[in-house]
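Peer 1: Got a sequence here, can you model it:
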Amino acid sequence: MDSEKQIRQAVAVSKLYYLEGATQAEIAAKLKISRPTISRALQYARDHQIVRIQVTDPFADVTTLARQLENKYGLKKVVIATPKSADEKDILAALGQAAATYLPAVVVDNDVLGISWGRTLDAVATHLTESERQGVKITYLKGTVANSTRNNYVVDVTKHFNKSFHTQAQILPLPVIFANRQVKEMVTQDRFINAVLTTMMSTTVALFTVGTTAPDATLFTLGYLSPQEVEQLRQAAVGDIISQFVDPKGQLVDKDLTARTMAMPLDHLRNIRESILIAGGVKKLPAIRAALAGQYANTLVTDLNNAQRLLK
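Peer 2: You can find the predicted model right below:
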């Protein structure tokens with residue numbers, strides 16, 4: 001049986017070595033024992049679980065979390081970004097880097113890449129590198145004209161995607177939301193506009209995000225909606241998916257508004273080969289849940305904090 005003295009010595013040596021960071025020479029001088037005795041004490045402590053050494057691999061934890069989310073939501077891929085802080089700018093930068101790094105794995109020659117605008121897509125665009133893919137087309141998933149001076153990042157997003165894929169994006173030079181559905185239907189009969197919409201509907205890889213219903217939400221500040229419409233949407237919806245407002249189950253909340261909206265129908269988005277939702281930050285969590293509930297994405301790029309919340 002091990003002596004009490006041997007156990008006490010192993011504990012004392014281990015505390016100095018592992019907790020206080022003392023060297024074996026310093027321990028030898030302090031406890032007045034030889035260095036071989038210290039080595040034996042440390043080995044004894046490990047063998048008898050006085051000291052338990054655990055190596056935590058944060059990347060392994062993230063990988064496990066991603067697999068769990070894939071299983072829970074029926075997704076084929078989850079990419080988890082790890083921002084430097086909870087600051088919105090750091091979250092956007094991490095999301096952009098993660099999505100831009102993942103994109104080359106799914107884009108193939110002659111793909112039609114459908115994109116959106118806004119700060120999240122701008123973060124992706126700024127992290128893109130030059131692609132080796134040939135014949136890739138870029139198209140927008142919704143209208144690009146805003147009724148305000150607020151930046152919607154269309155110019156920057158387009159520039160970076162064009163440069164990366166050596167192409168010229170097909171922009172929808174139209175408002176996202178029309179005053180009424182009749183005007184929208186009339187405009188879409190134009191030959192040029194119809195050709196752009198045909199390309200949009202042939203999208204094979206879609207990059208999109210979700211919006212919130214906060215008072216300062218982008219769609220509420222671009223001049224498309226009346227104050228009454230904004231208030232109704234804030235009551236009924238949890239956010240928007242490519243400018244189409246949905247409830248917690250991912251169902252459209254205003255079909256008349258949707259009919260006035262120049263964007264890819266959500267039912268079509270659901271069936272695209274690579275439908276990639278890129279969104280982070282706690283404010284967007286309800287809209288992310290809604291998009292997953294509606295099965296509009298088969299790939300999710302989000303931040304670590306949201307990933308943990310989504311699993312719960």
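Peer 1: From D216, how far out is I91?
Peer 2: 17 Å (C-beta to C-beta, to the nearest Å). For glycine as for every other residue, the C-beta is placed from the backbone atoms N, C-alpha and C.
Peer 1: Show me which of the two is the more surrounded one.
Peer 2: Each of I91 and D216 has its neighbours counted (other C-beta atoms under 10 Å); I91 has more, 26 against 7.
Peer 1: And the strands in this protein, which stretches?
Peer 2: All strands of the chain, identified by DSSP state E, fall at 77-81, 112-115, 137-140, 205-208, 210-211, 239-241, 244-246, 274-278, 299-303.
Peer 1: Figure out which of those is closest to V230.
Peer 2: strand 244-246 (10.5 Å; C-beta to C-beta).
Peer 1: Which residues does that closest one contact?
Peer 2: If you take C-beta atoms under 8 Å, 6 or more residues apart in numbering as the criterion, strand 244-246 is touched by 213, 233, 236-240, 252-254, 257-258, 261, 263, 266, 287, 290-291, 294.
Peer 1: Report how many residues lie close to V183.
Peer 2: Here the number of neighbours of V183 (other C-beta under 10 Å) works out to 12.
Peer 1: And for W117?
Peer 2: 26.
Peer 1: And it, how far from A169?
Peer 2: Here the criterion is C-beta to C-beta. By it, W117 lies 11 Å from A169.
Peer 1: try Y18
Peer 2: The gap separating Y18 from A169 is 57 Å, by C-beta to C-beta.
Peer 1: Who has more neighbours out of the two?
Peer 2: The neighbour count for Y18 versus A169, taken as other C-beta under 10 Å, is higher for A169 (18 against 13).
Peer 1: Now do the same contact list for the closest residue to that one other than its chain neighbours.
Peer 2: Nearest in space to A169, with sequence neighbours left out and distances taken as C-beta to C-beta, 6 or more residues apart in numbering, is I138 at 3.8 Å. With contact taken as C-beta under 8 Å, 6+ apart, I138 is in contact with L113, I115, T158, F161, N162, F165, T167, Q168, A169, Q170.
Peer 1: Hmm, Q170 and the fourth one touching each other?
Peer 2: No - using C-beta atoms under 8 Å, F161 makes no contact with Q170, being 11.2 Å away.
Peer 1: Looking at these two, which is more packed in?
Peer 2: The neighbour comparison of F161 against Q170 (other C-beta under 10 Å) goes to F161, with 23 against 20.
Peer 1: And the more buried one, how far from A25?
Peer 2: From F161 across to A25, the span is 60 Å (C-beta to C-beta).
Peer 1: same thing with H268?
Peer 2: Remark: distance between H268 and A25 (C-beta to C-beta) = 71 Å.
Peer 1: centre of the chain versus stretch 213-224, how much separation?
Peer 2: For stretch 213-224, the separation from the chain centroid amounts to 21 Å (computed by C-alpha atoms, centre = their mean, to the nearest Å).
Peer 1: Y73: how many residues sit nearby?
Peer 2: Neighbour tally, Y73, other C-beta under 10 Å: 18.
Peer 1: if we can go back for a sec, mind putting the strands of the chain into JSON lines with mean pLDDT and distance to A98?
Peer 2: As requested, the strands of the chain are exported to JSON lines (pLDDT from 0 to 100; distance: least, C-beta to C-beta, whole Å):
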{"stretch": "strand 77-81", "mean pLDDT": "97", "distance to A98": "4"}
{"stretch": "strand 112-115", "mean pLDDT": "98", "distance to A98": "16"}
{"stretch": "strand 137-140", "mean pLDDT": "97", "distance to A98": "20"}
{"stretch": "strand 205-208", "mean pLDDT": "98", "distance to A98": "12"}
{"stretch": "strand 210-211", "mean pLDDT": "96", "distance to A98": "16"}
{"stretch": "strand 239-241", "mean pLDDT": "97", "distance to A98": "20"}
{"stretch": "strand 244-246", "mean pLDDT": "97", "distance to A98": "24"}
{"stretch": "strand 274-278", "mean pLDDT": "98", "distance to A98": "8"}
{"stretch": "strand 299-303", "mean pLDDT": "97", "distance to A98": "5"}
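Peer 1: In TSV: those strands, plus distance to Y224.
Peer 2: Shown next, in TSV, are the strands of the chain (distance: least, C-beta to C-beta, whole Å):
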stretch	distance to Y224
strand 77-81	30
strand 112-115	20
strand 137-140	16
strand 205-208	18
strand 210-211	12
strand 239-241	11
strand 244-246	12
strand 274-278	23
strand 299-303	27
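Peer 1: Please name whichever of those strands is nearest to L197.
Peer 2: L197 lies closest to strand 137-140 among the strands of the chain, at 9.0 Å (C-beta to C-beta).
Peer 1: Right, I'll leave it there.
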